[in-house]
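Asker: let me see the structure of the following:
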Amino acid sequence: MDENDPRFRVAAARRILARGGCDSGVAGHVSVRVPGTDVFDVSAFGFFDETTPEQVVTSDLDGNVVRGDWPASPAIKFHAAFYRVRPEVGSVIHTHSHWLSTFVTRDREIGMYNVASVLFHDEQILHADDGTKPPVPGDEMAGKLGVRSVVLIKNHGAIVVSDTLEKATILALTLEQAARYHLEAEAIDGTEFPIAEVVRAKAKYHQHYLPQMWSACYRRLRTSDPDLFNLVT
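Answerer: Predicted coordinates:
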């Protein structure tokens with residue numbers, strides 16, 4: 001197994017997310033578009049921190065599993081929808097992390113209470129999924145998201161999309177932190193960043209924070225998860 005294999009990268013991303021507080025039990029999924037093809041690799045059911053490349057299956061853009069034996073969530077169909085509707089999207093991540101899931105019991109976007117939160121300025125949409133009505137088709141959700149990167153799902157969790165798996169992973173980690181900062185800052189009557197500072201900082205965080213944070217997390221994973229890297233040949 002090569003470290004650049006999309007299935008290995010999905011397994012690594014899931015483990016990084018788990019160590020950053022974004023585990024979602026056996027639910028939640030991480031996917032990456034396989035370059036130059038009409039398929040994507042997506043994690044099957046299982047704990048985030050135990051994911052191996054073997055537990056990553058391949059799906060076509062209709063959400064049908066075409067390779068792999070592990071059981072995959074029916075919800076991977078919305079991954080397929082994002083890949084169909086937005087050709088520039090290279091990765092989709094869905095989590096039910098603690099602070100984020102607490103935050104989305106409210107009908108509002110995550111505020112700019114911390115410097116890392118600026119990554120989500122003008123990037124969020126709200127989506128209701130209360131389990132009492134048929135789910136919104138993935139194509140409709142993807143269309144509603146437009147060019148933004150975050151769907152906050154009421155009483156559920158969130159979907160994060162980006163052009164690369166590395167960016168999507170760090171965005172998902174940071175979204176969990178931003179939700180916590182928002183809730184705790186409100187509890188002490190904290191205030192948000194001025195909008196001009198938010199706009200200025202957002203570009204810098206995309207340029208510097210996202211790639212450096214991925215590199216640091218991946219470097220740490222080499223030490224913490226030798227069982228994964230022992231699979232590399």
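Asker: every contact and neighbour count from this point should use C-alpha atoms.
Answerer: Noted.
Asker: where in the chain is pLDDT low?
Answerer: 129-137 (pLDDT under 70).
Asker: for it, which segments count as strands?
Answerer: 29-33, 39-43, 56-60, 65-67, 91-95, 124-127, 150-153, 157-162 (DSSP state E).
Asker: neighbouring contacts of the fourth one?
Answerer: Contact partners of strand 65-67, identified using Cα atoms under 8 Å, 6 or more residues apart in numbering, comprise 57, 58, 59, 60, 72.
Asker: what about the first one, how many neighbours?
Answerer: Here the count is done by other Cα atoms under 10 Å, and residue 57 has 21 residues near it.
Asker: over to the fourth one?
Answerer: Counted with other Cα under 10 Å, the burial measure for residue 60 works out to 18 neighbours.
Asker: list the contacts for it?
Answerer: Residue 60 makes contact with 38, 39, 40, 66, 80, according to Cα under 8 Å, 6+ apart.
Asker: with adjacent residues omitted, what lies nearest to the last one?
Answerer: Put plainly, it is residue 80. Leaving aside its chain neighbours, residue 80 sits nearest to residue 61 (4.7 Å; criterion: Cα to Cα, 6 or more residues apart in numbering).
Asker: quick one, what contacts that neighbour?
Answerer: 38, 39, 40, 80, 81, 83, 84.
Asker: for residue 90, what are phi and psi?
Answerer: When read as degrees, to the nearest 10, the backbone of residue 90 gives phi -110, psi -10.
Asker: ok, it to residue 82 distance?
Answerer: Residue 90 is 9 Å from residue 82, where distance means Cα to Cα, to the nearest Å.
Asker: count of neighbours near the residue nearest to residue 221 when sequence neighbours are not counted?
Answerer: Sequence neighbours aside, residue 16 is the residue nearest to residue 221 in space, at 7.0 Å (criterion: Cα to Cα, 6+ apart). Using other Cα under 10 Å, the number of residues around residue 16 comes to 24.
Asker: didn't residue 16 look like it was pressed against residue 222?
Answerer: No. Between residue 16 and residue 222 there is no contact under Cα atoms under 8 Å: 10.5 Å.
Asker: ok so, going back, tabulate the strands of the chain in a markdown table, adding columns for distance to residue 114.
Answerer: Below are the strands of the chain laid out as a markdown table (distance: least, Cα to Cα, whole Å):
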| stretch | distance to residue 114 |
| --- | --- |
| strand 29-33 | 26 |
| strand 39-43 | 31 |
| strand 56-60 | 34 |
| strand 65-67 | 40 |
| strand 91-95 | 21 |
| strand 124-127 | 16 |
| strand 150-153 | 17 |
| strand 157-162 | 19 |
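Asker: highest average neighbour count across those?
Answerer: Stretch with highest mean neighbour count among the strands of the chain: strand 29-33 (a mean of 29; mean count of other Cα atoms under 10 Å).
Asker: what pairs with it, parallel or antiparallel?
Answerer: Note on strand 29-33: by DSSP bridges, its sheet partners are strand 39-43 (antiparallel), strand 91-95 (antiparallel).
Asker: now render these as TSV, adding distance to residue 140.
Answerer: Below are those laid out as TSV (distance: least, Cα to Cα, whole Å):
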stretch	distance to residue 140
strand 39-43	20
strand 91-95	16
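Asker: out of the contacts of strand 65-67, flag the one nearest to residue 111.
Answerer: residue 72 (33.5 Å; Cα to Cα).
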